[in-house]
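[1] from the sequence below, what's the structure:
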Amino acid sequence: MVISLAFNKALAQVAAALAVKVGALNLMTVRSRMLTGDFSTGKPHGKPLKEEAALERTPAWITMLFKVMLGAVGPTFDTERFVGLINNAKENEPFFIGVAAAVAIAGSPPAWGATALYTYCAARFAHAFVFLMDFPDFLLPYKIVFRATPYLVGVFSMFALAATPSPEHPASV
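    Residues are numbered from 1 along each chain as shown. Next up is the predicted model:
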């Protein structure tokens, strides 16, 4: 078993960065909901919860307090984009952190392991940025390429770490 301080430090930093990203996206989703009044996107059956449907009966000072706390002024991205991005993060990032943690616990991180962790994190942030951006019409046919490229970089970083041989079963030469 080989403990890699560089890998473990990178894992802690990447896990923290991805957690902050999801937390920020959740806050930005609530901000978007407050600005647009869209409380149904991403909800069961596409309907807002009872308390959200009754928001017009909520005292104005409470609504204003939440808007101030969330900085809910000015433009926002579509709520649907935030919900989709958070769902994508929930579907991908925990598995990467799980693989990376398993590699760290097994004591078998490759020499390039920390680089793979940072690459994954950068790719996820790039994917999020491109996913949220509105592209000009002339670039719209290419948005999927711009969006998929960092996504695939992240996925292949995860595959590379997942294929790391454990110390008990070294790869044959």
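[2] got a list of what Phe39 touches?
    Applying CB atoms under 8 Å, 6 or more residues apart in numbering, we find Phe39 in contact with 33, 48-49, 52-53, 55. No exception for glycine: its C-beta is placed from N, CA and C like everyone else's.
[3] Val83: how many residues sit nearby?
    The number of residues packed near Val83 is 18, by other CB atoms under 10 Å.
[4] cool, the one 4 residues further on as well?
    The local packing of Asn87 (other CB under 10 Å) involves 11 other residues.
[5] just Pro59 next, same as before
    Using other CB under 10 Å, Pro59 has 8 other residues around it.
[6] quick one on the thing from earlier: out of the contacts of Phe39, who has the most neighbours?
    Within these, most neighbours by other CB under 10 Å means Arg33, with 23 neighbours.
[7] may I ask which helix or strand encompasses that residue?
    In this structure, Arg33 sits in helix 5-36 according to DSSP states H and E.
[8] quick one: average pLDDT of that helix?
    What helix 5-36 shows for mean pLDDT is 94.
[9] now name the helix or strand holding the residue sitting nearest the centre point of the chain.
    What sits nearest the mean C-alpha location of the chain, by CA atoms, centre = their mean, is Ala89, with 3.7 Å. Using DSSP H and E, the element containing Ala89 is helix 79-106.
[10] surely Lys143 touches Val130?
    Yes - counting by CB atoms under 8 Å, Val130 is a contact partner of Lys143 at 7.3 Å.
[11] please work out which residues outside the lowest-mean-pLDDT helix or strand in the chain touch it.
    Ranked by mean pLDDT, DSSP states H and E, the weakest helix or strand in the chain is helix 50-53, scoring a mean of 83. The contact list for helix 50-53 (CB under 8 Å, 6+ apart) reads 33, 39, 47.
[12] make it 10 Å
    Contacts to helix 50-53, defined as CB atoms under 10 Å, 6 or more residues apart in numbering, come from residues 33, 37-40, 43, 47, 57-58.
[13] with distance to Met69 added, can I get the contacts of Phe39 in a markdown table?
    Below are the contacts of Phe39 laid out as a markdown table (distance: CB to CB, whole Å):
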| residue | distance to Met69 |
| --- | --- |
| Arg33 | 14 |
| Pro48 | 20 |
| Leu49 | 20 |
| Glu52 | 17 |
| Ala53 | 22 |
| Leu55 | 16 |
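[14] tell me the contacts of the closest residue to Leu18 other than its chain neighbours?
    Closest residue to Leu18 apart from its sequence neighbours, by CB to CB, 6 or more residues apart in numbering: Glu93 at 5.0 Å. By CB under 10 Å, 6+ apart, the contact list for Glu93 reads 14-15, 18-19, 21-22, 120-121, 124, 154, 158.
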